[in-house]
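Trainee: The sequence and its predicted three-dimensional model are supplied below.
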Amino acid sequence: MTDNASAADHTVDRDDRLVILASSVGTVIEWYDFYLYGSLAAIITVQFFSGVNETTGYIFALMAFAAGFAVRPFGAIFFGRLGDLWGRKNTFLVTMLLMGLSTFVVGLLPSYAAIGVAAPIILIAMRLLQGLALGGEYGGAATYVAEHAPPGKRGLYTSFIQITATAGLLLSLVVILGVRTVVGEDAFKDWGWRIPFLVSILLLGVSLWIRLRLAESPAFARMKAEGKGSKTPLKDSFGKWPNLKLVLLALVGLTAGQAVVWYTGQFYALFFLEKTLKVDGPLANILIAISLLLATPFFVFWGWLSDKVGRKPIILTGCLLAALTYFPLFHALTGAANPQLAAATASAPVSVHADPSDCAFQFDPVGKTVFDSSCDLAKSYLAKAGVTYVNVAAPAGSTAEVRIGDVVVNSFDGGDLSRPDFAARKTEWEAGLGTALASAGYPAKADSALVNRPLVVAILFVLVMFVTMVYGPIAAALVEMFPTNIRYTSMSLPYHIGNGWFGGFLPTTAFAMVAATGNIYYGLWYPVVVALVTVVVGFLFIRDRKDVDLHA
């Protein structure tokens with residue numbers, strides 16, 4: 001019987017539904033746990049990094065968020081090896097337990113004000129545990145579902161796993177919004193933010209109960225029964241060129257582009273709305289949540305379609321469309337979400353004229369440096385205000401000036417002033433610059449009444465549609481590239497380097513690019529370039545394997 005005939009004869013029975021449900025629900029909970037931190041980064045900055053200055057504290061918070069992504073490939077290696085030696089089911093039970101408990105601990109963790117530097121240290125340790133656990137979870141769930149799927153339906157079956165990352169993000173936003181509404185904004189910032197973390201222990205219990213009812217995957221069980229398992233999955237995956245070559249191609253030709261499209265369309269879009277366009281936090285969460293709800297069914301659609309036309313065409317088309325449209329889409333998002341800012345930027349462009357040697361990289365790990373040069377004062381204020389500006393080199397030794405259209409606001413050098421005098425002069429100068437910006441039409445924050453909600457949702461929907469294209473078929477594509485005895489290890493590493501490093505560091509990298517140039521759109525070059533590299537490499541070197549026999 002052919003693969004297509006087998007697929008046609010197969011119907012989704014109760015066991016299939018249990019496999020998909022158990023794997024998907026568990027992975028949703030893990031993503032929920034992981035993304036709570038990102039969704040609450042601003043509050044966590046205040047709670048755990050209050051011992052340093054504001055700019056450094058926010059950078060530390062982003063770094064702690066990124067730390068969870070940094071260790072994901074190591075989790076993929078460690079738990080991937082266990083999965084190929086010990087089994088898919090047992091391994092992702094362990095990863096779920098680690099994730100749930102570390103999230104619960106964050107909900108109980110005292111703040112910096114209570115226990116000092118121990119608070120951020122413990123927080124980062126929990127983030128590292130979360131990253132290790134997530135590094136082992138995804139590969140196990142995707143492999144487990146794919147090895148249960150009948151021929152011709154792997155894209156459809158694994159697409160339900162692909163929904164889980166978006167569903168986890170959506171769940172975190174809904175829970176946060178619900179708690180904020182019930183307890184009020186002040187109480188939420190004080191103690192209510194802990195509730196979403198503590199709730200995870202209940203979700204963990206439900207998920208573990210469901211997963212304990214599962215049996216081992218048939219492909220793994222058959223491999224073990226036939227004595228064909230690998231005793232050295234790390235060596236066989238990465239120490240032999242034929243398989244290592246596939247790992248590298250999977251990374252550069254599939255997951256790197258998929259990752260930056262995923263994080264730009266969901267996480268960076270939320271960051272851009274809140275931090276750059278100054279849209280009210282709850283409103284930004286609602287708009288993102290609506291777009292996610294509307295687009296989520298398309299994960300399954302693209303997974304289903306990939307069973308017909310292949311994984312590669314859909315993934316690479318999504319990467320190409322994203323790279324070609326990000327700049328116009330984010331410009332349109334500015335006009336729809338903060339029309340006052342868009343109008344002011346067009347009518348009264350801002351530039352900073354300064355001696356380049358007067359401008360420092362404003363990151364202070366110990367929070368003791370005072371950035372008091374005329375250039376640093378100007379750029380620091382504009383960055384906090386979310387104002388796009390152009391850097392213009394001025395003669396050596398000159399004092400920086402901010403030009404807002406035809407208006408010139410001179411900065412000042414605070415290096416020779418006493419600390420009290422500097423603080424007073426800075427307050428006075430910032431008030432003057434703020435007044436000049438306001439007179440030119442630059443808003444302190446987006447006016448919620450002027451936000452074009454339907455248009456913002458439409459733009460966000462398009463961004464998430466690209467996400468569904470690249471992400472819906474990716475699990476099936478990766479599973480099909482590697483043999484059963486090293487599949488868990490081999491597919492997990494490129495996925496988590498792509499999503500943990502290329503994708504996970506996107507908000508931090510893009511923010512740094514924006515801060516360095518003053519252009520609020522400049523950070524988009526990062527996902528655009530990575531996505532285009534994936535299109536070229538994937539088109540030239542990736543072979544579609546949608547009809548390969550996973551049990552061979």
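Mentor: All right, it came through fine.
Trainee: CA only for contacts and neighbour counts going forward, please
Mentor: Will do.
Trainee: Can you give me the buried ones in stretch 437-449?
Mentor: 437, 440-447 (16 or more other CA atoms under 10 Å).
Trainee: could you pull out the helices for the stretch 451-552 of the chain?
Mentor: Secondary structure of the stretch 451-552 of the chain by DSSP state H, counting those that start in this stretch: the helices cover 453-471, 474-479, 487-497, 506-517, 525-541.
Trainee: Who are the packing partners of the second one?
Mentor: The helices and strands touching helix 474-479, judged by 3 or more CA pairs under 8 Å, 6 or more residues apart in numbering; DSSP states H and E, are helix 118-148, helix 154-183, helix 311-337, helix 487-497.
Trainee: which residues touch that helix?
Mentor: For helix 474-479, the surrounding residues in contact (CA atoms under 8 Å, 6 or more residues apart in numbering) are 142-143, 146, 154-155, 158-159, 161-162, 250, 254-255, 311-312, 315, 487, 491, 544-546.
Trainee: taking the mean pLDDT, what do you get for stretch 194-209?
Mentor: With pLDDT averaged residue by residue, stretch 194-209 scores 86.
Trainee: ok so, going back, can I get the helices and strands packed on helix 474-479 in CSV including distance to residue 274, mean neighbour count and mean pLDDT?
Mentor: Converted to CSV, the helices and strands packed on helix 474-479 look like this (distance: least, CA to CA, whole Å; neighbours: other CA atoms under 10 Å; pLDDT from 0 to 100):
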stretch, distance to residue 274, mean neighbour count, mean pLDDT
helix 118-148, 23, 25, 82
helix 154-183, 14, 22, 86
helix 311-337, 10, 20, 97
helix 487-497, 27, 29, 84
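Trainee: give me phi/psi at residue 483?
Mentor: Residue 483 has phi and psi values of phi -70, psi 160 when expressed as degrees, to the nearest 10.
Trainee: List the contacts of it.
Mentor: Residues in contact with residue 483, defined by CA under 8 Å, 6+ apart, are residue 550.
Trainee: where are the low-confidence patches of the stretch 451-552 of the chain?
Mentor: 551-552 (pLDDT under 70).
Trainee: same thing but 80
Mentor: Low-confidence regions of the stretch 451-552 of the chain, defined by pLDDT under 80, span residues 484-485, 488, 504, 507-508, 511-512, 515-516, 549-552.
Trainee: contacting residues around stretch 308-324?
Mentor: Residues lying outside stretch 308-324 but in contact with it, judged by CA under 8 Å, 6+ apart, are 152, 254, 257-258, 261, 302, 306, 463, 466-467, 469-471, 473-474, 476-477, 527-529, 531-532, 534-535, 538-539, 542-546.
Trainee: Give the buried residues for stretch 348-357.
Mentor: Neighbour counts using 16+ other CA under 10 Å place 348-356 of stretch 348-357 among the buried residues.
Trainee: quick one: which of these is nearest to residue 83?
Mentor: Taking CA to CA as the measure, residue 83 lies nearest residue 356 of those, at 53.2 Å.
Trainee: Contacts only, for the closest one.
Mentor: Residue 356 makes contact with 393-394, 396, according to CA under 8 Å, 6+ apart.
Trainee: What pLDDT is listed against it?
Mentor: The confidence metric pLDDT takes the value 90 at residue 356.
Trainee: ok, residue 419 - how many residues close by?
Mentor: Burial measure for residue 419: 12 neighbouring residues, criterion other CA atoms under 10 Å.
Trainee: Of the buried residues of stretch 437-449, just say which sits nearest to residue 372.
Mentor: Sorting the buried residues of stretch 437-449 by how near they are to residue 372, with CA to CA, puts residue 437 at the top with 21.0 Å.
Trainee: How about the closest one: what's its closest non-neighbour residue?
Mentor: With sequence-adjacent residues excluded and distances taken as CA to CA, 6 or more residues apart in numbering, residue 437 is closest to residue 404, at 7.1 Å.
Trainee: Name whatever forms a beta bridge with that neighbour.
Mentor: For residue 404, the beta-bridge assignment (DSSP bridges) gives partners residue 350, residue 407.
Trainee: thinking again about what came up before, columns distance to residue 387 on top of the helices of the stretch 451-552 of the chain, output as a markdown table?
Mentor: Putting these into a markdown table (distance: least, CA to CA, whole Å) gives the following:
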| stretch | distance to residue 387 |
| --- | --- |
| helix 453-471 | 20 |
| helix 474-479 | 37 |
| helix 487-497 | 33 |
| helix 506-517 | 10 |
| helix 525-541 | 19 |
